[in-house]
Every structure is written in C-alpha cells, then in structure tokens.
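Participant: Next come a sequence and a model predicted from it.
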Amino acid sequence: MSDLPIPVRDFIDSLTEDTRSPGYLLLNDQDRLSEWGGGLEAFGVAGLQNDMKVDEHLPFLVGVLPLDTSSVFLPNIQTIDGVFADIYLFRRDHNTWVLFLDATAGAAKRQRLQQRSNDLGLQVSDLEKESGSLGVAKHLLEQRVKEQTAELSMTVRRLQEELAEGRKIEQKLRQSEARFRSLYDSSMIGIMFYDVNGKITGANDAFLQSLGYSREDLARGSIEWSRIAGAAIRDTAEKPFAEKLDDLARPTEWRFLRKDGSPVTLLFGTRPMADSDEKMVGFTVDLSQRESSHQAGS
C-alpha cells in the first residue's frame with residue numbers, strides 16, 4: 001500500500017475506515033448486473049445473477065435507477081432486519097457502481113438517542129400535567145421538569161452532532177472520490193483493474209493509449225494478459241497467474257506488447273483491492289518516451 005500514490009491510498013482508506021463489511025454491485029450501461037462482490041451477504045443481498053435488473057431484486061433501488069446525476073447517496077437504508085447501510089451510487093465509464101457501507105452501529109445509536117428523546121418528552125409532558133393538577137410540592141415538580149428539559153436538550157444536541165458527523169463523512173468520501181477521479185482521468189499514470197485469473201475488467205485512457213487499444217477493445221474483452229504481458233508472464237507459464245504477479249508487487253520495468261505486436265516498456269506495479277483479495281489494481285507509467293530520448297541521444 002505504501003507504494004501507491006497518495007490520492008489512491010486516501011480513496012481506498014476512505015472506503016474501509018468506517019465499515020467492516022463493504023460490498024458492491026457493478027451495473028452495465030443497460031443497468032443490468034455485470035459484477036458484484038465484497039460483504040453483500042452481511043447486508044442480506046443474495047440470489048444475484050448476471051444480467052439481472054437489480055432494482056427489481058432490491059426494493060430500495062426502485063426509482064433510483066437509471067442515475068440522472070453523477071452520484072446519489074442513500075443514507076441509513078435498512079436492508080434486512082437489524083442491518084443498515086449507507087448506499088452510494090455513482091457513474092464511471094458508462095457503468096453504475098452501487099457501494100454498500102455498514103451503517104448499523106450508527107443507526108442503532110441514533111435510534112437509542114431518539115427513543116431516549118421520546119421518553120424524556122413524555123416524562124416532561126407528564127410532569128407538566130402533574131404540576132397543573134397538584135398544588136402541593138409545586139416547586140419540586142418545577143425543578144424536576146427543569147432537569148428533564150435540560151437532559152432533553154442535551155440529547156437533542158447529541159443527535160445534531162451525530163447528523164453533522166455523518167455529513168462530514170459523506171463530504172470526505174466525495175473529496176477522496178474526486179481526487180481518485182482526477183488521477184484516473186489524467187494522462188500521467190495508467191490504471192487498470194483485473195482479477196487473479198487474468199481477466200482485465202477496466203482501465204483508464206492512459207493505460208489503453210500506452211498499449212494502442214481502444215475502449216471498444218476493452219468492452220469486447222480483447223485485452224488479455226496473455227496478449228499484453230509478453231515474456232513477463234509467458235516465461236513462467238507453469239505457474240498459476242496469481243503467483244506470476246508476486247514479482248510485480250513492487251514497481252518494476254516490464255516489456256509489454258501493444259495491440260500491433262510492438263514492444264513497449266512500462267513501469268508497472270500492482271496491489272490487491274481493499275475489498276477483495278480476488279480483485280487487483282495495477283498502475284503503469286509509459287517509459288517509451290524516455291527510451292526514444294535515449295536512442296536519439298546515442
């Protein structure tokens with residue numbers, strides 16, 4: 001993790017620091033399910049099938065899809081009895097991501113505070129009625145009302161602080177997402193996503209351009225490790241794909257193959273995604289311009 005750029009680390013940390021069981025869905029441009037993972041079972045999300053309409057399967061998404069904005073936040077959604085989630089929906093490359101973050105602890109705390117507030121409100125009301133009907137010990141009753149009212153005010157303030165903290169967390173996630181998006185959209189570094197079986201599931205324009213592929217090639221599944229990795233992977237064909245990637249854990253110069261078969265040198269490093277050991281993210285820097293400068297100088 002220490003070798004990743006700071007914006008990427010911040011974004012990954014923001015997804016994990018406030019939850020123990022994140023889960024996600026990936027919908028294609030037709031809003032049909034193409035990928036899912038993480039701790040979805042903890043939220044009671046089961047029975048998923050490829051190409052299904054998730055808003056017909058998950059009632060809390062009815063009316064939300066398709067997204068007409070870049071992102072939507074659904075706070076404190078009860079997915080099953082006793083389990084709450086903060087759900088974020090956002091668009092990336094014509095796809096829609098649905099992110100589940102555990103909000104059960106915060107929801108339970110707010111419910112307890114709300115119940116306490118309701119109980120205190122009833123007690124204040126009862127005391128006020130008692131004060132109006134009894135002339136005896138009026139001073140004592142007034143004092144009790146004052147104390148209960150003060151406690152109620154404190155509870156209300158605590159509820160307001162909880163809501164303010166929730167807004168800060170949401171703002172932090174948006175800021176981290178914006179920093180990652182800026183890096184993803186820049187031409188400084190290539191970013192690609194794949195699984196431990198070698199299937200490339202996503203990439204930014206910088207990565208595609210360094211290998212001469214188009215976004216249509218990516219959508220068709222034409223970009224495969226067996227085509228682009230060259231000798232870096234083929235020379236260890238007897239090893240499982242996941243073991244071959246052990247040598248790439250630290251940024252290293254590797255010879256890749258472009259779409260036209262010509263070689264290109266990329267500085268390449270890879271790490272598992274924060275939510276799953278099965279999903280990987282890779283980062284590349286195109287060194288071909290450096291080589292061209294050296295050849296021109298010689």
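Facilitator: Noted; the coordinates are in hand. Residues are numbered from 1 along each chain as shown.
Participant: buried stuff in stretch 263-277?
Facilitator: Neighbour-count burial for stretch 263-277 flags 264-276 (criterion: 16 or more other Cβ atoms under 10 Å). Using the backbone N, CA and C atoms, a C-beta is placed for each residue, glycine as well.
Participant: Which of those fall within strands?
Facilitator: The strands, defined by DSSP state E, take in 264-273, 276 from these.
Participant: Mind putting the residues you listed into JSON lines with distance to F100 and pLDDT?
Facilitator: Formatted as JSON lines, the entries for those read as follows, by distance: Cβ to Cβ, whole Å; pLDDT from 0 to 100:
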{"residue": "V264", "distance to F100": "39", "pLDDT": "89"}
{"residue": "T265", "distance to F100": "40", "pLDDT": "87"}
{"residue": "L266", "distance to F100": "34", "pLDDT": "86"}
{"residue": "L267", "distance to F100": "34", "pLDDT": "86"}
{"residue": "F268", "distance to F100": "31", "pLDDT": "83"}
{"residue": "G269", "distance to F100": "29", "pLDDT": "82"}
{"residue": "T270", "distance to F100": "25", "pLDDT": "80"}
{"residue": "R271", "distance to F100": "22", "pLDDT": "79"}
{"residue": "P272", "distance to F100": "19", "pLDDT": "79"}
{"residue": "M273", "distance to F100": "15", "pLDDT": "77"}
{"residue": "S276", "distance to F100": "14", "pLDDT": "69"}
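Participant: Which one of those residues is nearest to K53?
Facilitator: When those are compared for distance to K53, the smallest value, 24.2 Å, is given by S276; criterion: Cβ to Cβ.
Participant: what's the burial count for the closest residue to G63 other than its chain neighbours?
Facilitator: Counting by Cβ to Cβ, 6 or more residues apart in numbering, D55 is the residue found nearest to G63 once chain neighbours are left out, at 7.8 Å. Using other Cβ atoms under 10 Å as the criterion, D55 is surrounded by 17 other residues.
Participant: Isn't D55 up against L65?
Facilitator: Yes - counting by Cβ atoms under 8 Å, a contact exists between D55 and L65, whose distance comes to 4.8 Å.
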